[in-house]
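1. Quick one: sequence and predicted model below, then my questions.
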Amino acid sequence: MPNHLTIVDHPLVQHKLSLMREKDTSSAVFRQLLREISVLLAYEVTRDLPMTTKTIETPLVEMEAPVLEGKKLALISILRAGNGLLDGILDLIPLARVGFVGLYRDHETLKPVQYYFKVPDDLAHRRVIAVDPMLATGNSSVAAIDLLKGAGAKNISFMCLLAAPEGVARMHEAHPDVPIVTASLDERLNEIGYILPGLGDAGDRMFGTK
């Protein structure tokens, strides 16, 4: 396994992912499961956040208590499916700043097309977590990271639900400094760029569209 890739093999993550893969799972259940998994993945992607201490008073004594150090996190959703992961992370880190990168995949070329970009200020001094359920060809993810670095981001992690080996390799080639956290490294891409065995199009599954 590449050392820049972390697969979260927690039993709850894997069980919920199996439920999401089933083709008969409804959109409502799919969205709820994605939100629940995103909280569990967020524990892993934030494991190395910098810490400091501050003096507090408990009901009994004064103590030096551990707290997060530095500016608030910036969570960046790669639209539209990234919002499914974003909601769960915000449950865990409600004070995080939030940004959006609008990209869609041209189904003829499999290349990303940008239509929106709005991110928090001062990304250079924030830990940035970009989220998108699927790391398939890697083209959209690479394009999103390109945009974030262009906006000043220097400390970026990428969190996804599923990854294909091709997408992991593409990301590592373009951005070897960006660690990837995922629930599963699947087998491969099919001829039209979908992850196998996968779970279909995450956006369509979330929103009941085709």
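-> Looks like it arrived, so ask away. Just so you know, these numbers come straight off a predicted model, no measurement behind them. Numbering: from 1, shown residues only.

2. Which helix or strand contains the most far-flung residue of the chain relative to its centre?
-> Each residue of the chain has a distance to the centre, and by C-alpha atoms, centre = their mean the biggest one is for Leu60: 40.3 Å. According to DSSP states H and E, Leu60 maps onto no helix or strand at all.

3. For the remainder of this discussion, apply numbering that starts at 354.
-> Taking 354 as the first residue, the last one we looked at is Leu413.

4. per-residue pLDDT, it?
-> pLDDT for Leu413: 97.

5. most residues in a single strand of this structure, which one?
-> Longest strand in the chain by number of residues, with DSSP state E as the criterion: strand 450-458.

6. Which residue or residues pair with the residue nearest to Val472 when sequence neighbours are not counted through a beta bridge?
-> Leaving aside its chain neighbours, Val472 sits nearest to Gly452 (3.2 Å; criterion: C-beta to C-beta, 6 or more residues apart in numbering). For glycine as for every other residue, the C-beta is placed from the backbone atoms N, C-alpha and C. The residues listed as beta-bridge partners of Gly452 by DSSP bridges are Ile429.

7. what's near enough to touch Gly452?
-> Contact analysis of Gly452 by C-beta atoms under 8 Å, 6 or more residues apart in numbering lists 427-430, 471-473.

8. any idea which of these is closest to Met559?
-> Met559 lies nearest to Ser430 out of the contacts of Gly452, by C-beta to C-beta, at 12.3 Å.

9. Next one: the closest residue to Val484 other than its chain neighbours from Leu387, what distance?
-> Spatial nearest neighbour of Val484, chain neighbours left out: Leu438 (4.1 Å); criterion: C-beta to C-beta, 6+ apart. According to C-beta to C-beta, to the nearest Å, Leu438 stands 7 Å off from Leu387.

10. Overlap of the contact sets of the two?
-> 486, 514.

11. which stretches of this protein form helices?
-> For the chain, the helices defined by DSSP state H occupy 364-374, 380-398, 435-445, 492-503, 518-527, 555-560.

12. Of Leu438 and Leu387, give the one with the bigger neighbour count.
-> Taking other C-beta atoms under 10 Å, Leu438 and Leu387 do not tie; Leu438 has more neighbours (28 against 24).
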